[in-house]
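> missing the sequence, but the structure's below:
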């Protein structure tokens, strides 16, 4: 955590000029579950987004990409319960959602970011959304981030929300975000649904640069189950209401903004990974000593994706051979005879492998460490100065249960 | 099944001149579980093998590779319960295992194929093996394939054994195999442990060509959990005792041999996939209409590897959106708007997606089809004439249970 930054309340409404809300409109049967969320900036904001690399793309992504191609947006509308993907009328429905949102807010439909999450391949009924949008628009408030964060959840157990405060040229700026993501999480160049807002003034070009740079170390380093969703999307809206001099180029201000964005994103990453479907533990694989960053990332991601290691972590079993195995098949350029492995949690750290071979360790101590909720898998490659961190979770009975009958 | 081929009894002892056996020597605590197996050819045989691509390689693989570098071998020794991998003295132990086996059989240690499977990173105690080998060698018989197949099993529930009979130049030939493999199964250029024997006469060069060609369509197309083991190995020994003219070049005889080998390998693949750790179902993803074979294979493997689809199959849930999703992130060159998907089992076939979008179907009928033990996921890409099949299994509570506490 940067010392010039502090965490504040308010999520996506922490930044000046943003209001949000979430309601139950009827896409989901459970009336206590919000299923429609909205975020609104009082002024037009510069906008940037990254999208899934899956060739099968949700219709809302196509529409959003088109809407923010001019670098601006003013509102976000998002439903849960249905992904509006692989439907013949998907784009038409997503356009209509945008138009309904724009009408209710008195803005242009081309300034609306539209998103959907839920089951793939079931037609999305617009009727409950059409009914819900005016109610939702009327409910928007500066306290609405909580409801908005709830409205985008699917199998998520934990609501994901964060905001930080920092300073640019003497002006107090804030950046906040909400996210959803629990299964089908293995982003590649983009990820799940993350909505970030800031009152910092920053050009669309620099906002895009900040986002695309940061996600390579954050959202693209998460994996819950190796499945890259069709609807992954991260968007950031910057409305400039903090009054700082607009960031239009590289430099100290941009670096500060990047640090704030990274703080928000790392927090949301850890929340998403820790709330992976059925997960009981957050896993972080921290790789050091790699030849270069690409190798560090490849190793970290391979370890965090190993079903066998994930199951071992669920069982608090220090089966480090599975870490070595995952490093070996990762495709990274590593000397396996130089690999060190340790496990760490709040209960301490234990070395289990040195130079690619096992070393004696206390199984009792290892068990104590691994029974904690947040586990770090430390991998030293002894081959250079690059590092990387990947975020994941354990593989549990509940992951299977949740996904064995998701649609019913 | 080729009409000129028939399945016969005997496994690795079906071919003339091969004897085998398996005993409990004490690597495993459970005295009713065989943990040491041997296969012996009465005459030296040409030999070929393929190995894991994992950079972390089991010590026995290094030793075996060296032993059969001359194209010949005469015996196989394999223990279960310990992988002899990531141990400082691994190669030394594997060499000693080979020497003990050679001494007991009166052959050269350099004609021994040595293999190990089990936990990674625990020193392998040679004492029980040294005691077991003479007993095992004395027990070898033409009925010993069953015991040998048992001795290499780890978490396998089902013993994997097959043999076929075919004809080469009027001479009756046989080819048979045993295999183990249940978890850490995601072969890449090689796979789990498979031992194949044949009495056909075939040069080491052509034997190697037959094996390396066939595994691309068989063992390399299986995935149980996406984890490529450190100890995968397929070996084939051909002792020539069938009396056919030695196969030394491409041609009709080589084609016939390839068909027989493929029959054995496909059978073992389906057994390995269907006996994946915790599996309740065998899944086969059959891709047709691909631009080329590489794309067909990439799509088939991506679908069969999707944790989400695997969990849906466990729940007999026709969640075809997950098939589309896996195709989309596979990296293959496909037009997602041309993709058709059906599910098939002995209960019938049901189309669920046409041209990349859902079509109405009977959930009841789909459930009936998916409740069966062997499920085909049929993917039409509408983009060419190439096809591929991948083999996998569902993801179940028991996979998590087995791997949550494998070592204890």
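Looks like it arrived, so ask away. Given the structure is predicted, the values throughout are model-derived calculations rather than measurements.
> With chain B as the reference, measure out to residue A:177.
24 Å (Cβ to the nearest Cβ, to the nearest Å). Where you see a C-beta, it was placed from the backbone N, CA and C, and this is true even at glycine.
> So that residue belongs to a strand, correct?
Yes: assessed by DSSP: H, G, I helix; E, B strand; the rest coil, residue A:177 belongs to a strand.
> my read: it touches residue A:268, true?
Yes: contact criterion Cβ atoms under 8 Å: residue A:177 and residue A:268 qualify, at 5.7 Å.
> tell me which element the closest residue to residue A:345 other than its chain neighbours falls in.
Of all residues not flanking residue A:345 in the chain, residue A:372 sits nearest, at 3.7 Å (Cβ to Cβ, 6 or more residues apart in numbering or on different chains). Using DSSP states H and E, residue A:372 sits in no helix or strand.
> how about residue A:372, what does it touch?
For residue A:372, the contact set (Cβ atoms under 8 Å, 6 or more residues apart in numbering or on different chains) comprises A:281, A:345-347.
> so of the residues you listed, which ones are in strands?
residue A:345 (DSSP state E).
> Of the contacts of residue A:372, just say which sits nearest to residue B:6.
Sorting the contacts of residue A:372 by how near they are to residue B:6, with Cβ to Cβ, puts residue A:281 at the top with 52.3 Å.
> ok, back up a step: next, the residue nearest to residue A:345: phi, psi?
With angles defined as degrees, to the nearest 10, residue A:372 sits at phi -70, psi 170.
> re the thing from before, between residue A:177 and residue A:268, which contacts overlap?
Counting by Cβ under 8 Å, 6+ apart, the residues touching both residue A:177 and residue A:268 are A:162, A:194.
> who does whichever strand or helix holds residue A:48 pair up with?
Applying DSSP H and E as the criterion places residue A:48 in strand A:36-51. Next to strand A:36-51 in the sheet, as set by DSSP bridges, lie strand A:18-23 (antiparallel), strand A:72-82 (antiparallel), strand A:233-238 (antiparallel).
> Which other helices and strands does the helix or strand just after it contact?
Per DSSP H and E, the first helix or strand lying C-terminal to strand A:36-51 is helix A:59-67. For helix A:59-67, the packing partners by 3 or more Cβ pairs under 8 Å, 6 or more residues apart in numbering or on different chains; DSSP states H and E come out as strand A:36-51, helix A:90-105, strand A:112-119, strand A:233-238.
> any idea which of the ones you listed is most buried?
Ranked by mean neighbour count, the helices and strands packed on helix A:59-67 are led by strand A:233-238 with a mean of 28 (mean count of other Cβ atoms under 10 Å in any protein chain shown).
> Tell me, how many residues neighbour the residue lying closest to residue A:193 once chain neighbours are set aside?
Using Cβ to Cβ, 6+ apart and skipping the chain neighbours, the partner closest in space to residue A:193 is residue A:180 (4.9 Å). Residues within reach of residue A:180, counting by other Cβ atoms under 10 Å in any protein chain shown, total 26.
> pLDDT wise, what is residue A:180 at?
According to the prediction, residue A:180 has pLDDT 83.
> Then residue A:15?
Per-residue pLDDT puts residue A:15 at 93.
> follow-up on the earlier one: export the helices and strands packed on helix A:59-67 to a markdown table and tack on mean pLDDT and distance to residue A:251?
Listed next are the helices and strands packed on helix A:59-67 as a markdown table, based on pLDDT from 0 to 100; distance: least, Cβ to Cβ, whole Å:
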| stretch | mean pLDDT | distance to residue A:251 |
| --- | --- | --- |
| strand A:36-51 | 92 | 17 |
| helix A:90-105 | 97 | 34 |
| strand A:112-119 | 91 | 28 |
| strand A:233-238 | 84 | 16 |
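> Where does residue A:285 fall, secondary structure wise?
Using DSSP H and E, residue A:285 falls in strand A:282-290.
> okay, the strands paired with strand A:36-51, which one's buried deepest?
strand A:233-238 (a mean of 28).
> Just checking the distance from the helix or strand following it to the centre of its chain.
As assigned by DSSP H and E, the chain's next helix or strand after strand A:233-238 is helix A:252-274. Centroid separation for helix A:252-274 versus its chain: 10 Å, with Cα atoms, centre = their mean, to the nearest Å.
> Buried ones in helix A:252-274, by neighbour count?
Buried residues in helix A:252-274, counted by 16 or more other Cβ atoms under 10 Å in any protein chain shown: A:253-254, A:256-274.
> touching chain B at all, it?
No: judged by Cβ under 8 Å from any Cβ of the partner chain, helix A:252-274 and chain B are separated, with a smallest distance of 15.1 Å.
> I'm done for today, thanks for sticking with me.
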